[in-house]
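S.K.: Predicted model and sequence below, questions to follow.
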Amino acid sequence: MNAEERSRLLHEVELSGNCSHPIRLRGEMVNLTTGEVGLSSLRVACKDRRQVICPACSYAYRADAWILVASGLNGGKGTPEAVGSHPRLFVTLTAPSFGAVHTVRARGGCVTLRATDHGTSPMCRHGSRRTCAERHSTNDPRLGRPICDECFDVEGAVLWNAHASRLWSRTVIHARRSLAEVGGVAQSQLGSVAQLHYLKVAEIQRRGLIHLHCVLRADGPEETGADPPPWLTSEALALVVQASARHVSTRGLDGRPLRWGQVVDVQDLGSSLANVTKVSSYVAKYATKTTDGSKELARRFHSRRQIENLVDDPHYRRLALAAWDLGGRPEYGPLRLREHAHAFGFTGQLITKSRSYSTTFAALRCARANFMAQRRSADPVEGTFLYDGRGYDDPRATELAELFFTMQRELREEALAARLAHGSAL
Ligand SMILES: [Zn+2]
Ligand SMILES: [Zn+2]
Ligand SMILES: [Zn+2]
(Lines give C-alpha, C1' and ligand atoms only; values in the text may rest on other atoms or scores of the structure.)
(Ligands and ions follow the chains in the order given, each with its own letter.)
Protein backbone atom coordinates (compact mmCIF):
# COMPACT_ATOMS: atom_id res chain seq x y z
CA MET A 1 0.00 0.00 0.00
CA ASN A 2 1.48 3.36 -0.98
CA ALA A 3 1.35 6.48 1.20
CA GLU A 4 -1.57 7.98 -0.72
CA GLU A 5 -3.64 4.80 -0.46
CA ARG A 6 -2.80 4.54 3.21
CA SER A 7 -3.89 8.07 4.01
CA ARG A 8 -7.14 7.64 2.02
CA LEU A 9 -7.90 4.47 3.94
CA LEU A 10 -7.17 6.11 7.29
CA HIS A 11 -9.40 9.02 6.37
CA GLU A 12 -12.30 6.74 5.37
CA VAL A 13 -12.06 4.80 8.60
CA GLU A 14 -11.94 7.98 10.65
CA LEU A 15 -14.95 9.49 8.90
CA SER A 16 -16.97 6.32 9.62
CA GLY A 17 -16.15 6.57 13.33
CA ASN A 18 -14.09 3.33 13.25
CA CYS A 19 -17.22 1.40 12.27
CA SER A 20 -16.42 -2.14 11.04
CA HIS A 21 -19.16 -2.30 8.38
CA PRO A 22 -20.34 1.25 7.59
CA ILE A 23 -23.37 1.86 5.41
CA ARG A 24 -22.56 3.33 1.99
CA LEU A 25 -24.80 6.11 0.76
CA ARG A 26 -24.76 7.70 -2.68
CA GLY A 27 -26.41 10.92 -3.74
CA GLU A 28 -26.26 14.57 -4.54
CA MET A 29 -24.74 16.96 -2.06
CA VAL A 30 -24.90 20.77 -1.97
CA ASN A 31 -22.21 22.72 -0.15
CA LEU A 32 -24.26 25.40 1.62
CA THR A 33 -21.30 27.80 1.81
CA THR A 34 -20.02 27.59 -1.77
CA GLY A 35 -23.25 26.48 -3.44
CA GLU A 36 -21.28 23.75 -5.20
CA VAL A 37 -23.30 20.66 -6.22
CA GLY A 38 -21.62 17.32 -6.57
CA LEU A 39 -22.32 13.62 -6.81
CA SER A 40 -21.04 12.10 -3.73
CA SER A 41 -20.70 8.88 -1.85
CA LEU A 42 -20.59 8.78 1.87
CA ARG A 43 -20.15 6.21 4.60
CA VAL A 44 -22.02 6.37 7.87
CA ALA A 45 -21.55 4.20 10.94
CA CYS A 46 -23.71 1.05 10.98
CA LYS A 47 -24.94 1.77 14.55
CA ASP A 48 -25.19 -1.96 15.23
CA ARG A 49 -25.56 -2.56 18.96
CA ARG A 50 -23.96 -6.00 18.91
CA GLN A 51 -20.39 -6.23 20.08
CA VAL A 52 -19.59 -9.21 17.84
CA ILE A 53 -20.77 -7.33 14.74
CA CYS A 54 -19.23 -3.88 15.23
CA PRO A 55 -17.03 -3.14 18.28
CA ALA A 56 -17.01 0.66 17.74
CA CYS A 57 -20.76 1.15 17.21
CA SER A 58 -21.54 -1.28 20.00
CA TYR A 59 -19.29 0.70 22.36
CA ALA A 60 -21.19 3.90 21.51
CA TYR A 61 -24.50 2.07 21.98
CA ARG A 62 -23.36 0.73 25.33
CA ALA A 63 -22.41 4.22 26.47
CA ASP A 64 -25.83 5.51 25.36
CA ALA A 65 -27.58 2.65 27.15
CA TRP A 66 -25.61 3.52 30.28
CA ILE A 67 -26.74 7.16 30.09
CA LEU A 68 -30.32 6.07 29.38
CA VAL A 69 -30.47 3.99 32.56
CA ALA A 70 -28.45 6.32 34.79
CA SER A 71 -30.36 9.46 33.80
CA GLY A 72 -33.61 7.67 34.60
CA LEU A 73 -32.27 6.78 38.03
CA ASN A 74 -30.50 9.99 38.97
CA GLY A 75 -31.74 12.61 36.54
CA GLY A 76 -29.85 14.42 33.81
CA LYS A 77 -30.27 14.71 30.01
CA GLY A 78 -33.69 16.28 30.44
CA THR A 79 -34.87 14.13 33.36
CA PRO A 80 -35.26 16.11 36.64
CA GLU A 81 -32.71 15.33 39.35
CA ALA A 82 -35.55 14.92 41.84
CA VAL A 83 -36.07 11.36 40.50
CA GLY A 84 -32.97 10.37 42.49
CA SER A 85 -35.02 10.50 45.69
CA HIS A 86 -38.01 8.57 44.30
CA PRO A 87 -38.58 4.84 44.94
CA ARG A 88 -36.33 2.98 42.47
CA LEU A 89 -36.06 -0.77 42.12
CA PHE A 90 -33.99 -3.19 40.12
CA VAL A 91 -36.12 -6.23 39.35
CA THR A 92 -35.15 -9.50 37.68
CA LEU A 93 -37.88 -11.72 36.30
CA THR A 94 -37.03 -15.24 35.21
CA ALA A 95 -38.62 -17.99 33.16
CA PRO A 96 -40.08 -21.17 34.65
CA SER A 97 -38.31 -24.51 34.31
CA PHE A 98 -38.62 -26.46 31.08
CA GLY A 99 -36.41 -29.29 32.30
CA ALA A 100 -33.51 -29.70 34.73
CA VAL A 101 -30.22 -28.11 33.66
CA HIS A 102 -26.69 -28.22 35.06
CA THR A 103 -26.23 -25.43 37.55
CA VAL A 104 -23.97 -24.08 40.30
CA ARG A 105 -25.40 -24.33 43.78
CA ALA A 106 -24.08 -22.81 46.97
CA ARG A 107 -24.45 -26.17 48.67
CA GLY A 108 -24.81 -29.76 47.50
CA GLY A 109 -24.86 -31.31 44.05
CA CYS A 110 -26.05 -29.80 40.80
CA VAL A 111 -29.41 -31.55 40.37
CA THR A 112 -30.92 -33.73 43.09
CA LEU A 113 -34.28 -35.47 43.11
CA ARG A 114 -37.09 -33.53 44.75
CA ALA A 115 -38.82 -35.01 47.82
CA THR A 116 -41.82 -35.82 45.63
CA ASP A 117 -39.60 -37.80 43.23
CA HIS A 118 -38.45 -40.31 45.85
CA GLY A 119 -39.30 -43.84 45.04
CA THR A 120 -39.13 -43.10 41.31
CA SER A 121 -36.35 -44.36 39.07
CA PRO A 122 -33.07 -42.41 39.09
CA MET A 123 -33.07 -42.78 35.30
CA CYS A 124 -35.41 -40.90 32.96
CA ARG A 125 -37.37 -42.67 30.25
CA HIS A 126 -34.62 -41.84 27.75
CA GLY A 127 -32.10 -43.81 29.80
CA SER A 128 -30.23 -40.76 31.17
CA ARG A 129 -29.56 -40.14 34.85
CA ARG A 130 -32.04 -37.64 36.29
CA THR A 131 -29.53 -36.23 38.76
CA CYS A 132 -26.04 -34.74 38.69
CA ALA A 133 -23.90 -34.81 41.84
CA GLU A 134 -21.08 -32.68 40.41
CA ARG A 135 -20.12 -29.28 41.78
CA HIS A 136 -19.55 -27.33 38.58
CA SER A 137 -17.13 -24.44 38.28
CA THR A 138 -18.65 -21.17 37.05
CA ASN A 139 -17.02 -21.55 33.63
CA ASP A 140 -18.11 -25.15 33.05
CA PRO A 141 -19.50 -25.26 29.47
CA ARG A 142 -22.18 -27.70 30.64
CA LEU A 143 -23.88 -25.04 32.78
CA GLY A 144 -27.39 -24.29 31.60
CA ARG A 145 -27.41 -27.38 29.39
CA PRO A 146 -30.12 -29.97 30.06
CA ILE A 147 -29.43 -33.02 32.22
CA CYS A 148 -31.32 -34.93 29.52
CA ASP A 149 -31.78 -33.24 26.12
CA GLU A 150 -34.88 -35.30 25.43
CA CYS A 151 -36.54 -34.36 28.72
CA PHE A 152 -35.99 -30.63 28.16
CA ASP A 153 -39.11 -29.13 26.57
CA VAL A 154 -37.53 -27.02 23.79
CA GLU A 155 -40.90 -26.21 22.21
CA GLY A 156 -42.28 -25.02 25.54
CA ALA A 157 -39.16 -22.89 26.07
CA VAL A 158 -39.42 -21.28 22.62
CA LEU A 159 -43.14 -20.55 23.04
CA TRP A 160 -42.50 -19.04 26.46
CA ASN A 161 -39.76 -16.79 25.04
CA ALA A 162 -42.15 -15.69 22.31
CA HIS A 163 -44.63 -14.51 24.95
CA ALA A 164 -42.17 -12.93 27.40
CA SER A 165 -42.82 -9.38 26.15
CA ARG A 166 -46.57 -9.83 26.49
CA LEU A 167 -46.11 -11.21 29.99
CA TRP A 168 -44.09 -8.10 30.83
CA SER A 169 -46.81 -5.73 29.52
CA ARG A 170 -49.35 -7.56 31.65
CA THR A 171 -47.11 -7.25 34.69
CA VAL A 172 -46.80 -3.48 34.23
CA ILE A 173 -50.56 -3.10 33.71
CA HIS A 174 -51.22 -5.17 36.81
CA ALA A 175 -48.71 -3.18 38.89
CA ARG A 176 -50.23 0.14 37.76
CA ARG A 177 -53.72 -1.16 38.55
CA SER A 178 -52.60 -2.27 42.03
CA LEU A 179 -50.98 1.10 42.70
CA ALA A 180 -54.23 2.84 41.74
CA GLU A 181 -56.08 0.57 44.14
CA VAL A 182 -53.69 1.32 47.00
CA GLY A 183 -53.97 5.03 46.20
CA GLY A 184 -57.75 4.78 46.32
CA VAL A 185 -58.36 5.95 42.76
CA ALA A 186 -59.76 4.34 39.64
CA GLN A 187 -57.18 2.69 37.39
CA SER A 188 -57.60 5.39 34.75
CA GLN A 189 -56.91 8.05 37.41
CA LEU A 190 -53.51 6.67 38.53
CA GLY A 191 -51.80 9.61 36.80
CA SER A 192 -53.51 11.98 39.25
CA VAL A 193 -51.64 10.43 42.20
CA ALA A 194 -48.53 8.69 40.86
CA GLN A 195 -46.70 7.33 37.81
CA LEU A 196 -44.71 4.16 37.24
CA HIS A 197 -41.85 4.23 34.70
CA TYR A 198 -39.48 1.50 33.65
CA LEU A 199 -36.59 0.48 31.47
CA LYS A 200 -36.02 -3.19 30.80
CA VAL A 201 -33.40 -5.26 29.04
CA ALA A 202 -33.78 -8.87 27.99
CA GLU A 203 -31.00 -11.34 28.53
CA ILE A 204 -30.94 -14.86 27.14
CA GLN A 205 -29.72 -17.17 29.87
CA ARG A 206 -27.43 -20.10 29.25
CA ARG A 207 -30.38 -22.49 29.27
CA GLY A 208 -31.82 -20.49 26.33
CA LEU A 209 -34.62 -18.72 28.19
CA ILE A 210 -35.36 -15.03 28.49
CA HIS A 211 -34.58 -13.22 31.70
CA LEU A 212 -35.75 -9.63 32.13
CA HIS A 213 -33.79 -7.04 34.10
CA CYS A 214 -35.91 -3.97 34.81
CA VAL A 215 -35.35 -0.64 36.44
CA LEU A 216 -38.59 0.70 37.90
CA ARG A 217 -39.21 4.18 39.23
CA ALA A 218 -42.28 5.72 40.85
CA ASP A 219 -42.94 9.44 40.36
CA GLY A 220 -45.60 11.78 41.63
CA PRO A 221 -48.64 13.01 39.67
CA GLU A 222 -48.43 14.77 36.30
CA GLU A 223 -44.70 15.59 36.26
CA THR A 224 -41.67 13.33 36.38
CA GLY A 225 -40.01 15.57 38.98
CA ALA A 226 -43.03 15.55 41.33
CA ASP A 227 -42.65 13.56 44.54
CA PRO A 228 -44.74 10.43 44.86
CA PRO A 229 -47.40 10.36 47.59
CA PRO A 230 -46.13 9.37 51.09
CA TRP A 231 -47.65 5.87 50.91
CA LEU A 232 -45.71 5.06 47.75
CA THR A 233 -42.41 3.98 49.30
CA SER A 234 -39.81 1.60 47.85
CA GLU A 235 -41.18 -1.14 50.12
CA ALA A 236 -44.75 -0.58 48.92
CA LEU A 237 -43.61 -0.58 45.29
CA ALA A 238 -41.57 -3.77 45.85
CA LEU A 239 -44.62 -5.54 47.30
CA VAL A 240 -46.80 -4.46 44.38
CA VAL A 241 -44.23 -5.61 41.80
CA GLN A 242 -43.68 -8.95 43.50
CA ALA A 243 -47.41 -9.59 43.76
CA SER A 244 -47.94 -8.61 40.11
CA ALA A 245 -45.14 -10.89 38.90
CA ARG A 246 -46.65 -13.81 40.85
CA HIS A 247 -50.19 -13.10 39.74
CA VAL A 248 -50.06 -12.41 36.01
CA SER A 249 -50.28 -14.98 33.28
CA THR A 250 -50.95 -14.98 29.59
CA ARG A 251 -52.31 -17.73 27.39
CA GLY A 252 -50.10 -19.11 24.66
CA LEU A 253 -51.58 -19.80 21.22
CA ASP A 254 -51.91 -23.45 22.20
CA GLY A 255 -53.96 -22.45 25.25
CA ARG A 256 -51.22 -23.20 27.77
CA PRO A 257 -50.98 -20.62 30.57
CA LEU A 258 -47.61 -18.86 30.67
CA ARG A 259 -46.19 -17.34 33.85
CA TRP A 260 -42.94 -16.04 35.30
CA GLY A 261 -40.64 -18.49 37.05
CA GLN A 262 -40.29 -18.85 40.81
CA VAL A 263 -37.37 -16.45 41.11
CA VAL A 264 -38.44 -12.81 41.26
CA ASP A 265 -35.56 -10.73 42.53
CA VAL A 266 -36.41 -7.21 43.74
CA GLN A 267 -33.63 -4.91 44.89
CA ASP A 268 -34.23 -1.49 46.39
CA LEU A 269 -31.63 0.85 44.88
CA GLY A 270 -31.88 3.11 47.94
CA SER A 271 -29.85 6.26 47.76
CA SER A 272 -26.53 4.67 46.83
CA LEU A 273 -24.78 6.10 43.81
CA ALA A 274 -22.69 2.93 43.58
CA ASN A 275 -25.92 0.96 43.02
CA VAL A 276 -26.92 3.27 40.18
CA THR A 277 -23.52 2.89 38.51
CA LYS A 278 -23.59 -0.88 38.91
CA VAL A 279 -27.12 -1.30 37.57
CA SER A 280 -26.46 1.05 34.64
CA SER A 281 -23.33 -0.90 33.66
CA TYR A 282 -25.17 -4.18 34.04
CA VAL A 283 -28.05 -3.16 31.78
CA ALA A 284 -25.69 -1.53 29.24
CA LYS A 285 -23.66 -4.75 29.03
CA TYR A 286 -26.72 -6.86 28.23
CA ALA A 287 -27.91 -4.34 25.66
CA THR A 288 -24.92 -5.10 23.40
CA LYS A 289 -24.94 -8.90 23.68
CA THR A 290 -26.23 -11.39 21.16
CA THR A 291 -28.07 -14.55 22.18
CA ASP A 292 -24.91 -16.32 23.32
CA GLY A 293 -22.20 -13.78 22.45
CA SER A 294 -21.44 -15.51 19.13
CA LYS A 295 -21.74 -14.26 15.54
CA GLU A 296 -23.73 -17.36 14.56
CA LEU A 297 -26.66 -16.37 16.76
CA ALA A 298 -26.46 -12.65 15.98
CA ARG A 299 -28.49 -12.69 12.77
CA ARG A 300 -31.64 -14.20 11.35
CA PHE A 301 -31.49 -17.62 9.77
CA HIS A 302 -32.76 -18.17 6.24
CA SER A 303 -33.11 -21.94 6.27
CA ARG A 304 -33.25 -24.93 8.56
CA ARG A 305 -30.02 -26.20 7.05
CA GLN A 306 -28.27 -22.98 7.98
CA ILE A 307 -29.12 -23.62 11.65
CA GLU A 308 -27.91 -27.22 11.39
CA ASN A 309 -24.62 -26.13 9.83
CA LEU A 310 -23.85 -22.99 11.81
CA VAL A 311 -24.90 -23.63 15.39
CA ASP A 312 -22.35 -25.84 17.15
CA ASP A 313 -23.89 -25.99 20.62
CA PRO A 314 -26.36 -28.93 20.55
CA HIS A 315 -28.80 -27.33 23.05
CA TYR A 316 -28.87 -24.02 21.16
CA ARG A 317 -29.24 -25.89 17.87
CA ARG A 318 -32.27 -27.74 19.23
CA LEU A 319 -33.84 -24.50 20.47
CA ALA A 320 -33.25 -22.69 17.17
CA LEU A 321 -34.58 -25.68 15.21
CA ALA A 322 -37.64 -25.90 17.48
CA ALA A 323 -38.35 -22.22 16.76
CA TRP A 324 -37.86 -22.80 13.02
CA ASP A 325 -40.14 -25.86 12.96
CA LEU A 326 -42.88 -24.32 15.11
CA GLY A 327 -42.66 -21.21 12.92
CA GLY A 328 -43.63 -23.37 9.92
CA ARG A 329 -46.93 -24.34 11.53
CA PRO A 330 -49.81 -22.06 10.48
CA GLU A 331 -51.22 -21.80 14.00
CA TYR A 332 -47.97 -20.18 15.20
CA GLY A 333 -47.74 -17.81 12.23
CA PRO A 334 -48.49 -14.67 14.29
CA LEU A 335 -45.45 -15.34 16.51
CA ARG A 336 -43.01 -14.99 13.56
CA LEU A 337 -40.83 -17.66 15.12
CA ARG A 338 -38.64 -18.28 12.06
CA GLU A 339 -37.56 -14.65 12.03
CA HIS A 340 -36.56 -15.00 15.66
CA ALA A 341 -35.10 -18.50 15.67
CA HIS A 342 -31.66 -16.98 16.39
CA ALA A 343 -33.13 -15.57 19.65
CA PHE A 344 -34.91 -18.88 20.42
CA GLY A 345 -38.31 -17.35 19.70
CA PHE A 346 -37.95 -14.09 21.62
CA THR A 347 -39.68 -11.53 19.45
CA GLY A 348 -39.32 -8.41 21.58
CA GLN A 349 -36.86 -5.56 21.56
CA LEU A 350 -33.79 -6.14 23.66
CA ILE A 351 -34.06 -2.83 25.46
CA THR A 352 -37.32 -0.94 25.93
CA LYS A 353 -38.60 1.74 28.25
CA SER A 354 -41.73 3.64 29.11
CA ARG A 355 -41.90 7.05 27.43
CA SER A 356 -41.05 9.21 30.43
CA TYR A 357 -38.37 7.02 31.99
CA SER A 358 -35.48 9.13 30.63
CA THR A 359 -34.01 10.47 27.38
CA THR A 360 -34.01 8.40 24.15
CA PHE A 361 -31.34 6.69 22.04
CA ALA A 362 -32.32 8.99 19.15
CA ALA A 363 -31.69 12.14 21.24
CA LEU A 364 -28.31 10.83 22.37
CA ARG A 365 -27.29 9.90 18.80
CA CYS A 366 -28.34 13.31 17.54
CA ALA A 367 -26.27 15.03 20.25
CA ARG A 368 -23.24 12.92 19.32
CA ALA A 369 -23.65 13.57 15.57
CA ASN A 370 -23.82 17.33 16.21
CA PHE A 371 -20.73 17.18 18.34
CA MET A 372 -18.81 15.23 15.67
CA ALA A 373 -19.95 17.61 12.93
CA GLN A 374 -18.71 20.59 14.95
CA ARG A 375 -15.37 18.93 15.50
CA ARG A 376 -14.88 18.37 11.80
CA SER A 377 -15.82 22.03 11.22
CA ALA A 378 -16.35 21.43 7.50
CA ASP A 379 -18.68 23.64 5.44
CA PRO A 380 -22.29 22.70 6.10
CA VAL A 381 -23.68 20.41 3.40
CA GLU A 382 -27.10 19.15 2.57
CA GLY A 383 -28.21 16.39 0.27
CA THR A 384 -30.40 13.41 -0.43
CA PHE A 385 -28.82 10.01 -0.18
CA LEU A 386 -29.81 6.50 -1.06
CA TYR A 387 -28.56 3.23 0.35
CA ASP A 388 -25.69 1.88 -1.73
CA GLY A 389 -24.43 -1.13 0.17
CA ARG A 390 -22.30 -1.91 3.18
CA GLY A 391 -18.68 -2.01 4.15
CA TYR A 392 -15.48 -0.48 2.81
CA ASP A 393 -14.17 -0.89 -0.76
CA ASP A 394 -10.90 -2.11 0.65
CA PRO A 395 -11.41 -5.04 3.04
CA ARG A 396 -8.29 -4.01 5.00
CA ALA A 397 -10.25 -1.00 6.27
CA THR A 398 -12.42 -3.23 8.48
CA GLU A 399 -9.33 -4.55 10.27
CA LEU A 400 -7.97 -1.04 10.55
CA ALA A 401 -11.26 0.24 12.03
CA GLU A 402 -11.24 -2.48 14.68
CA LEU A 403 -7.61 -1.82 15.50
CA PHE A 404 -8.20 1.94 15.82
CA PHE A 405 -11.22 1.41 17.97
CA THR A 406 -9.36 -0.96 20.32
CA MET A 407 -6.45 1.47 20.62
CA GLN A 408 -8.73 4.39 21.36
CA ARG A 409 -10.71 2.46 23.92
CA GLU A 410 -7.55 1.32 25.67
CA LEU A 411 -6.18 4.85 25.79
CA ARG A 412 -9.49 6.16 27.12
CA GLU A 413 -9.64 3.44 29.78
CA GLU A 414 -6.02 4.06 30.82
CA ALA A 415 -6.72 7.77 31.14
CA LEU A 416 -9.81 7.05 33.22
CA ALA A 417 -7.91 4.66 35.48
CA ALA A 418 -5.14 7.25 35.93
CA ARG A 419 -7.70 9.93 36.85
CA LEU A 420 -9.37 7.60 39.35
CA ALA A 421 -6.00 6.65 40.84
CA HIS A 422 -5.28 10.34 41.44
CA GLY A 423 -8.65 10.73 43.09
CA SER A 424 -9.90 13.40 40.70
CA ALA A 425 -13.58 13.59 39.96
CA LEU A 426 -14.93 12.12 36.74
ZN1 LIG B 1 -20.58 0.04 13.03
ZN1 LIG C 1 -24.49 -30.94 36.65
ZN1 LIG D 1 -34.84 -37.91 29.49
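M.R.: Okay, I see it. Ligands and ions are numbered 1, 2, ... in the order given.
S.K.: okay, CA-based contacts and neighbour counts for the rest of this
M.R.: Will do.
S.K.: was I right about Gly293 contacting Val52?
M.R.: Yes. Between Gly293 and Val52 a contact is recorded at 7.0 Å, counting by C-alpha atoms under 8 Å.
S.K.: pLDDT averaged over stretch 200-212 - what is it?
M.R.: In this model, stretch 200-212 has a mean pLDDT of 93.
S.K.: Next, the distance between the ends of that stretch.
M.R.: By C-alpha to C-alpha, to the nearest Å, the extent of stretch 200-212 from end to end equals 7 Å.
S.K.: What separation do you get for Arg280 and ligand 3?
M.R.: Careful, residue 280 is Ser and not Arg. Separation of Ser280 from ligand 3 (C-alpha to the ion, to the nearest Å): 40 Å.
S.K.: Could you look up the SS state of that residue?
M.R.: Secondary structure, DSSP: H, G, I helix; E, B strand; the rest coil: Ser280 is helix.
S.K.: gap between the two ends of stretch 386-405?
M.R.: 27 Å.
S.K.: just stretch 343-353 next, same as before
M.R.: Stretch 343-353 end-to-end distance (C-alpha to C-alpha) = 20 Å.
S.K.: buried ones in it?
M.R.: Across stretch 343-353, burial judged by 16 or more other C-alpha atoms under 10 Å covers Ala343, Phe344, Gly345, Phe346, Thr347, Gly348, Leu350, Ile351, Lys353.
S.K.: Nearest to Val279 among these?
M.R.: Distance to Val279 across the buried residues of stretch 343-353 (C-alpha to C-alpha) is lowest for Ile351, with 14.0 Å.
S.K.: what residue ranges in the stretch 251-400 of the chain score low on pLDDT?
M.R.: Along the stretch 251-400 of the chain, the parts satisfying pLDDT under 70 run over 370-383.
S.K.: tell me the strands in it, going along the chain?
M.R.: Secondary structure of the stretch 251-400 of the chain (DSSP state E, counting those that start in this stretch): strands at 257-258, 264-268, 351-353, 381-390.
S.K.: To Ser188, which of those lies closest?
M.R.: Closest approach to Ser188 among these (C-alpha to C-alpha): strand 351-353, 20.4 Å.
S.K.: Can you list the strands that that closest one pairs with?
M.R.: Strands that pair with strand 351-353, judged by DSSP bridges, come out as strand 195-204 (antiparallel).
S.K.: before we move on, the earlier item: need the strands of the stretch 251-400 of the chain in JSON lines with distance to ligand 1, can you?
M.R.: Shown next, in JSON lines, are the strands of the stretch 251-400 of the chain (distance: least, C-alpha to the ion, whole Å):
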{"stretch": "strand 257-258", "distance to ligand 1": "37"}
{"stretch": "strand 264-268", "distance to ligand 1": "35"}
{"stretch": "strand 351-353", "distance to ligand 1": "19"}
{"stretch": "strand 381-390", "distance to ligand 1": "10"}
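S.K.: Looking at the ones you listed, which is nearest to Ala369?
M.R.: Closest to Ala369 of the strands of the stretch 251-400 of the chain is strand 381-390 (C-alpha to C-alpha; 14.0 Å).
S.K.: Any part of the strand or helix carrying Trp168 near ligand 3?
M.R.: Trp168 belongs to helix 154-182 when assigned by DSSP states H and E. No. With C-alpha under 5 Å from the ion as the criterion, ligand 3 is not reached by helix 154-182; the gap is at least 12.6 Å.
S.K.: Next, the angle from that helix to strand 195-204.
M.R.: 170 degrees (axes from the mean of the first three to the mean of the last three C-alpha atoms, to 10 degrees).
S.K.: and helix 154-182, how far from the chain's centre?
M.R.: Distance, stretch centre to chain centre, for helix 154-182: 17 Å (C-alpha atoms, centre = their mean, to the nearest Å).
S.K.: repeat for stretch 77-85
M.R.: That offset, for stretch 77-85, works out to 23 Å (C-alpha atoms, centre = their mean).
S.K.: One more: stretch 21-33?
M.R.: For stretch 21-33, the distance to the chain centre is 32 Å (C-alpha atoms, centre = their mean).
S.K.: related to what we said a few turns ago, now, which of the buried residues of stretch 343-353 sits nearest ligand 2?
M.R.: Proximity of the buried residues of stretch 343-353 to ligand 2 (C-alpha to the ion) peaks at Phe344, which lies at 22.7 Å.
S.K.: my read: the closest one touches Asn161, true?
M.R.: Yes. Here Phe344 lies in contact with Asn161, judged by C-alpha under 8 Å, at a distance of 7.0 Å.
S.K.: Overlap in contacts, the two.
M.R.: Leu209 (C-alpha atoms under 8 Å, 6 or more residues apart in numbering).
S.K.: and Pro80, backbone torsions?
M.R.: Backbone torsions of Pro80, given as degrees, to the nearest 10, read phi -60, psi 140.
S.K.: check contacts around it.
M.R.: Counting by C-alpha under 8 Å, 6+ apart, Pro80 touches Thr224, Gly225.
S.K.: Next to ligand 2, which bits of this structure? Give me the list.
M.R.: For the chain, the residues in contact with ligand 2 (C-alpha under 5 Å from the ion) are His102, Cys110, Cys132.
S.K.: Make sure the last one is actually in contact with Val111.
M.R.: Yes. When contacts are counted by C-alpha under 8 Å, Cys132 is listed as touching Val111 (4.9 Å).
S.K.: which one is the closest residue to ligand 1 within the stretch 201-350 of the chain nearest to, not counting chain neighbours?
M.R.: Nearest to ligand 1, among the residues of the stretch 201-350 of the chain, is Thr288, at 12.4 Å (C-alpha to the ion). In space, and not counting its chain neighbours, Thr288 is closest to Arg50: 4.7 Å by C-alpha to C-alpha, 6 or more residues apart in numbering.
S.K.: so how many other residues sit close to the one you found?
M.R.: A count of neighbours around Arg50, defined by other C-alpha atoms under 10 Å, yields 23.
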